[in-house]
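Participant: coords below, sequence missing:
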């Protein structure tokens, strides 16, 4: 009751029983390609039973020998989407200094282009001021339009050059079978009910969050959908 907030349903604990659950630790190589390149290895831990991201120590530091395997069975691919969603959320934070530097350079280069083409227009205006005729006015307008179009083209090329393209490549998957405590809870919303399991993690000594079925975020503040009582975070309810 202290750990979770239920937004639109009544949830009652029925029982707590020892069990085992599998955790999937995904390692991704994240690459942001732009005018520069940024790379980072991202690690995400997912409870294979709930799809929730959970904090776990880096199990690759334990010194276990690597075991080669082929393609993953279908039941193990199911956590990849949850891991990718979590990895992207981590990357939003980890890559922020890199992105801010790029945005600073983009702003500087845009200002330089704008200053250059505006100086061309000012120089043309000074020349045209010496002899003002109807023909000169039309020529001045045509030149100003041409300069403006060229500036837009150059700015579009600059935006394309600084655009960030994300590539997320799976490097490794570590599967860990671990003892846990499963807390069985009954969810009642209106006339519908279902049973859910909340896990107490034996490594962190804490209850684990649950996963939003819509956006994939792991949270302790949850609502339930009207139809199938699937979990939703506060933003998705």
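Facilitator: Cool, the structure landed. Bear in mind the structure is a predicted one, so any value in this text is a computation, not a measurement. Numbering: from 1, shown residues only.

Participant: if I pick residue 5, what's in contact with it?
Facilitator: With contact taken as Cβ atoms under 8 Å, 6 or more residues apart in numbering, residue 5 is in contact with 220-222. Every residue, glycine included, has its C-beta placed from N, CA and C.

Participant: relative to residue 236, which of these is nearest.
Facilitator: residue 222 (9.8 Å; Cβ to Cβ).

Participant: how close does the closest one sit to residue 209?
Facilitator: When distance is defined by Cβ to Cβ, to the nearest Å, residue 222 is 9 Å away from residue 209.

Participant: low-confidence ranges in this protein?
Facilitator: By pLDDT under 70, the weakly predicted segments of the chain are 59-77, 124-137.

Participant: find the nearest non-adjacent residue to residue 34, please.
Facilitator: Excluding the flanking residues, the one nearest residue 34 by Cβ to Cβ, 6 or more residues apart in numbering is residue 164, at 4.8 Å.

Participant: that should have said residue 235, apologies.
Facilitator: residue 215 (7.0 Å).

Participant: swap in residue 32?
Facilitator: Closest to residue 32 by Cβ to Cβ, 6+ apart is residue 38, at 4.4 Å.

Participant: correct me, but the one you found touches residue 95?
Facilitator: Yes. Using Cβ atoms under 8 Å, residue 38 is in contact with residue 95, at 5.9 Å.

Participant: return every residue with contacts to both of these two.
Facilitator: residue 32.

Participant: how far out from the middle of the chain is stretch 198-211?
Facilitator: Here stretch 198-211 is found 23 Å from its chain centre; the criterion is Cα atoms, centre = their mean, to the nearest Å.

Participant: buried residues in it?
Facilitator: Neighbour counts using 16 or more other Cβ atoms under 10 Å place 198-201, 203, 207-211 of stretch 198-211 among the buried residues.

Participant: and if you look at stretch 223-237?
Facilitator: Buried residues in stretch 223-237, counted by 16+ other Cβ under 10 Å: 223-225, 229-233, 236.

Participant: check which helices and strands the biggest helix by length in the chain sits against.
Facilitator: Longest helix in the chain, counting residues (DSSP state H): helix 96-129. Packed against helix 96-129 by the contact rule (3 or more Cβ pairs under 8 Å, 6 or more residues apart in numbering; DSSP states H and E) you find helix 134-162.

Participant: between the helix it packs on and helix 96-129, how big is the angle?
Facilitator: Per axes from the mean of the first three to the mean of the last three Cα atoms, to 10 degrees, the angle that helix 134-162 makes with helix 96-129 is 170 degrees.

Participant: name the helices or strands packed onto helix 134-162?
Facilitator: For helix 134-162, the packing partners by 3+ Cβ pairs under 8 Å, 6+ apart come out as helix 96-129.
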